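Engineer: Here is the input, now give the coordinates:
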Amino acid sequence: FIKGEMFWAGFGICIVGVIAGLGYMDFAYQWWWRQILYPVVLFSYYLFFINFTRGDNRRYIAKLFLGLSCFIMVQMLWCILASPDPIVTIQNKMILVGPSNMINMAGTMLSMTIPFCFYLAIDSKRDWLYCILGLLIYLFLILSNSCGNILIATLLTPIGFLISMVKSKSKKRYFIILICACVCLVGLIVMMIIYRSVVFGMLARLGLSGNGRFEIWKAALKLFTKTPIFGTGFYVKTSFMNFDSAVYQYHSTIIQIITCTGIVGSIFFGYYYYKKFKVFFINKSLYKIFAFLSMLSLEIYGLIDMVGIYPSTILLTLVLLISAEKEEKVEEIKTVKEELELFKSDMQSLNDELKASAQARKEKIENAKEEKIRLENATIIIVSHQQKILNMADEICLLRPNSDPIIGKKEDIMPLIGNAKCGKLGGENND
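Structural biologist: Now for the predicted structure:
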């Protein structure tokens, strides 16, 4: 069983789901089960996938984000083209996307995907395509009119692009894409200058003015002082600032956590965020850099909206965390495989050396056998010659030409035979 880096942090959030809102008289206890169920389901999701996912799924996760964003862009384009007045639809954020029709959530998803486009471009044959998709997603993010996400993506997109360009081998294409992007940016700036009254008026109305957030935050912090220990809980039975909703929406993840969970819950959430960011800084890698940029866009936007505690965005965060944690296991497996390959290579080299040594020894033995056979044959020839010489000596000793005395005795002939054995008599023709 693998606990994972987020085990105790996730377990703590499950505890928060139980205790948040206890003692607050306006807490909607009929929805208490929901407040408990959501963290438990997400925690179970984390444990299941951290234990049962195998292999390298980094590029799969990046393509998953890209696929979701492409689906969002198609839906946005359909909604814009189907509207009677596309300009008014864009200006008033009337683009309906997803089951909840929340354009800001769609903008967050688009913003999170842009870093992964540049990650996929690294050392890919289709690097130009991924870069263009990243810039296209940024264009649709502008059409979403989600000002916070646009601002965040404007800051993070160049960082992701530059990291991708530095790490890639084919830098020529990146320079071409960079020039095109700069031309488009200049054109966009010129258009903004020409229609500056419309653009800045729209930004003031929809994003940069705060859109009533400051008043909501003040009221939320005032509510926190009434129940500071366990907070108000996430589900209530009374309206807040004329908003009738089962969930108080404070349009800030931090304010939402502090007010809804109190001091105790904020401590648990603080540990959760600490562990979440720590995962991306353990054994830093290229994938973790881009995954961190993706999550960072979500967390920064969460400062001015409550996207950080939506189940759907928490699910996306868990996907990033699981892929980042599993990457360490993948890298460990790769390291072990490399070590095994190195060991196999060393063993193969040693085996080749042993084979070569055995072959050389075998050749020496064969040469020695041949030399032995040659010497044995030479010995046989010498013995044969020796026997011939002895026979000749016997014949010489028995000769009596013209009745003369015996020419010599056998003992007188033997020194000559000795010289014949040594090869001194008659050269090669010892006969």
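Engineer: Could you check how far the strand or helix carrying residue 75 is from the centre of its chain?
Structural biologist: Applying DSSP states H and E as the criterion places residue 75 in helix 58-82. Distance of helix 58-82 from its chain centroid, counting by C-alpha atoms, centre = their mean, to the nearest Å, is 23 Å.
Engineer: Check which residues of that helix are buried.
Structural biologist: For helix 58-82, a neighbour-count test (16 or more other C-beta atoms under 10 Å) marks 58, 61-62, 64-66, 68-69, 72-73, 76, 79-80 as buried. Heads up, the C-betas are built off the backbone N, CA and C, glycines and all.
Engineer: Let me know the closest of those to residue 267.
Structural biologist: Proximity of those to residue 267 (C-beta to C-beta) peaks at residue 61, which lies at 30.7 Å.
Engineer: Now the closest residue to the closest one other than its chain neighbours: which helix or strand?
Structural biologist: Counting by C-beta to C-beta, 6 or more residues apart in numbering, residue 323 is the residue found nearest to residue 61 once chain neighbours are left out, at 4.5 Å. For residue 323, the host element (DSSP H and E) is helix 311-398.
Engineer: For that helix, name the packing helices and strands.
Structural biologist: Contact partners of helix 311-398 among helices and strands, from 3 or more C-beta pairs under 8 Å, 6 or more residues apart in numbering; DSSP states H and E: helix 32-52, helix 58-82, helix 103-121, helix 253-279, helix 286-301, helix 410-421.
Engineer: can you list the weak-confidence ranges in this structure?
Structural biologist: Scanning the chain for pLDDT under 70 picks out 98-101, 171-177, 180-181, 183-211, 238-248, 328-339, 394-431.
Engineer: at 50 what do you get?
Structural biologist: Where the chain drops to pLDDT under 50, the residues are 206-208, 241-244, 400, 402-410, 420-431.
Engineer: Now residue 23. Its backbone dihedrals?
Structural biologist: Residue 23 adopts backbone torsions of phi 90, psi -10, taken as degrees, to the nearest 10.
Engineer: Which helix or strand contains residue 156?
Structural biologist: helix 147-167.
Engineer: May I have that helix as PDB, with CA atoms only?
Structural biologist: What follows is helix 147-167, C-alpha atoms only, in PDB (Å, rounded to 0.1, in the frame of the first residue of the first chain):
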ATOM      1  CA  CYS A 147      -9.800  39.100 -16.800                       C
ATOM      2  CA  GLY A 148      -8.000  37.400 -13.900                       C
ATOM      3  CA  ASN A 149      -7.100  34.300 -16.000                       C
ATOM      4  CA  ILE A 150      -6.000  36.500 -18.900                       C
ATOM      5  CA  LEU A 151      -3.700  38.500 -16.700                       C
ATOM      6  CA  ILE A 152      -2.200  35.300 -15.100                       C
ATOM      7  CA  ALA A 153      -1.700  33.600 -18.500                       C
ATOM      8  CA  THR A 154      -0.100  36.700 -19.900                       C
ATOM      9  CA  LEU A 155       2.500  36.500 -17.200                       C
ATOM     10  CA  LEU A 156       3.000  32.700 -17.300                       C
ATOM     11  CA  THR A 157       2.800  31.900 -21.000                       C
ATOM     12  CA  PRO A 158       6.100  33.600 -21.900                       C
ATOM     13  CA  ILE A 159       7.800  31.700 -19.100                       C
ATOM     14  CA  GLY A 160       6.600  28.400 -20.400                       C
ATOM     15  CA  PHE A 161       7.500  29.300 -24.000                       C
ATOM     16  CA  LEU A 162      11.000  30.300 -23.100                       C
ATOM     17  CA  ILE A 163      11.600  27.200 -21.000                       C
ATOM     18  CA  SER A 164      10.400  25.000 -23.900                       C
ATOM     19  CA  MET A 165      12.600  26.900 -26.400                       C
ATOM     20  CA  VAL A 166      15.700  26.500 -24.200                       C
ATOM     21  CA  LYS A 167      15.100  22.800 -23.700                       C
END
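Engineer: surely residue 303 meets residue 255?
Structural biologist: No - using C-beta atoms under 8 Å, residue 303 is not in contact with residue 255; the gap is 9.2 Å.
Engineer: Of the two, which one has the most company?
Structural biologist: residue 255 (22 against 15; other C-beta atoms under 10 Å).
Engineer: by how many degrees do the helix holding residue 75 and helix 286-301 diverge?
Structural biologist: Between helix 58-82 and helix 286-301, the angle comes out at 40 degrees (axes from the mean of the first three to the mean of the last three C-alpha atoms, to 10 degrees).
Engineer: Show residues contacting helix 58-82.
Structural biologist: With contacts defined as C-beta atoms under 8 Å, 6 or more residues apart in numbering, helix 58-82 is touched by 86, 89-90, 95-98, 106, 109-110, 112-113, 116-117, 119-120, 133, 136-137, 140, 143-144, 287, 290-291, 294, 319-320, 323, 327, 330.
Engineer: Could you rerun that using 7 Å?
Structural biologist: Residues outside helix 58-82 that contact it (C-beta atoms under 7 Å, 6 or more residues apart in numbering): 86, 89-90, 95-97, 106, 109-110, 112-113, 116-117, 119-120, 133, 137, 140, 143-144, 287, 319, 323, 327.
Engineer: how about the buried residues of helix 58-82 in JSON lines, adding distance to residue 216?
Structural biologist: Shown next, in JSON lines, are those (distance: C-beta to C-beta, whole Å):
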{"residue": "58", "distance to residue 216": "39"}
{"residue": "61", "distance to residue 216": "35"}
{"residue": "62", "distance to residue 216": "36"}
{"residue": "64", "distance to residue 216": "34"}
{"residue": "65", "distance to residue 216": "30"}
{"residue": "66", "distance to residue 216": "34"}
{"residue": "68", "distance to residue 216": "30"}
{"residue": "69", "distance to residue 216": "29"}
{"residue": "72", "distance to residue 216": "27"}
{"residue": "73", "distance to residue 216": "31"}
{"residue": "76", "distance to residue 216": "27"}
{"residue": "79", "distance to residue 216": "28"}
{"residue": "80", "distance to residue 216": "30"}
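Engineer: nearest to residue 359, of those?
Structural biologist: The shortest gap between residue 359 and any of the buried residues of helix 58-82 belongs to residue 58, at 47.5 Å (C-beta to C-beta).
Engineer: And residue 282, its phi and psi?
Structural biologist: Here residue 282 shows phi and psi, under degrees, to the nearest 10, equal to phi -90, psi 120.
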